[in-house]
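**Q** Could you look at this predicted model? Sequence included:
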Amino acid sequence: MNETQRQRYRAIVEYDGSDFAGYQRQPEEFRTVQGELESALSRLGQGNIPVTAAGRTDSGVHATGQVISFDLNWKHPHEKLVLAINAHLSEDVAVRNVEAVSSDFHPRFNACRRAYRYHIELCDNGARRPLTRRRKWQVFKPLNLEAMNTAASFLIGEQDFATFGMPPQGNNTVREIFAAEWSQVDNELTFYIQANAFLYRMVRSITGTLKLVGDGSWSVEAFKQALDAAERKQSAASAPPWGLYLESVTYKNDTQ
């Protein structure tokens, strides 16, 4: 197949991360989202098709809006491509839509915003919820939503977030956060956070530390001091992966 004939496609992917060793391809004994996607594309009869993603989610982390790109010679409607790929994917991962993009599109480097949502289920009556144990963080203490939101408000803006994560490469730990807010419906709390980019483990570290503010282990002032210190050792906790969802990735020409 002549490589020049291939069109670049952008796709949105949804997956349940429970049984994956993260997004990024690893040795064959580990099942990954990237590995599943590339295997499905290879079955379309055009050899190995590398897949590039907007972000590399950890083991156990889910996604409703992961963005990928790949190059393929496809002469049928895009809807048929979605069906063709999904026919070769397991039930815990699916392509939601596909669109043709320019050959210089890169899902990671062209992204201007990324958003995650973290789910906490309050089980403060002491009763575990087996059916949601791989979808939400079950917390057995009451949480003060007002205190958590007050602390989260300090995250907004461009600043050094070294306390809450490590850069994937280099040493730049400055990021810009556009939104950081907790909300509650019945016994479920969700934390929505949107930024230009995130450090490694940043969202889980922030969430885990805000949970300590909510249960009274930390004060709002202690959270602010830890953030201002810009030292990784100041971070007190990391939320488990199974409550975290990569919700969306935004690009310059997308509707905000």
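**A** Great, that's in hand. Numbers count the residues shown, from 1 in each chain.
**Q** how about the helices in the stretch 51-200 of the chain?
**A** 78-86, 145-153 (DSSP state H, counting those that start in this stretch).
**Q** what mean pLDDT would you report for the last one?
**A** Throughout helix 145-153, pLDDT has a mean value of 98.
**Q** now swap in the first one and tell me
**A** Helix 78-86 shows an average pLDDT of 95 in the prediction.
**Q** list the buried ones in stretch 183-194?
**A** Going by neighbour count (16 or more other CB atoms under 10 Å), the buried part of stretch 183-194 is 189-191, 193-194. Where C-beta positions appear, they are placed from N, C-alpha and C, glycine not excepted.
**Q** taking those residues as a set, which two sit the farthest apart in space?
**A** Spatial extent of the buried residues of stretch 183-194 (CB to CB) is set by the pair 189 and 194 at 17.4 Å.
**Q** Now do the strands in the stretch 101-250 of the chain.
**A** Ranges of strands in the stretch 101-250 of the chain, per DSSP state E, counting those that start in this stretch, are 111-122, 137-139, 157-160, 174-185, 188-195, 244-251.
**Q** Kindly compare burial across those and name the winner.
**A** Among those, ranked by average contacts under mean count of other CB atoms under 10 Å, first place goes to strand 244-251 (a mean of 22).
**Q** residues in contact with it?
**A** 54-55, 57, 61-67, 107, 110-119, 192, 203-204, 207, 256 (CB atoms under 8 Å, 6 or more residues apart in numbering).
**Q** If you compare the directions of the longest helix along the chain and strand 244-251, what angle comes out?
**A** In the chain, assigned by DSSP state H, the helix with the most residues is helix 202-214. Per axes from the mean of the first three to the mean of the last three CA atoms, to 10 degrees, the angle that helix 202-214 makes with strand 244-251 is 130 degrees.
**Q** average model confidence for helix 202-214?
**A** Averaged over helix 202-214, pLDDT sits at 97.
**Q** centre of the chain versus that helix, how much separation?
**A** 16 Å (CA atoms, centre = their mean, to the nearest Å).
**Q** cool, stretch 171-185 as well?
**A** Averaging C-alpha positions (CA atoms, centre = their mean) puts stretch 171-185 13 Å from its chain's average.
**Q** Give the rounded mean pLDDT of that stretch.
**A** Stretch 171-185 comes out at a mean pLDDT of 97.
**Q** Can you list the neighbours in contact with that stretch?
**A** Residues from elsewhere that reach stretch 171-185 (CB under 8 Å, 6+ apart): 113, 115, 145, 148-149, 152-153, 155-162, 165-167, 189-199, 202, 206, 210, 230.
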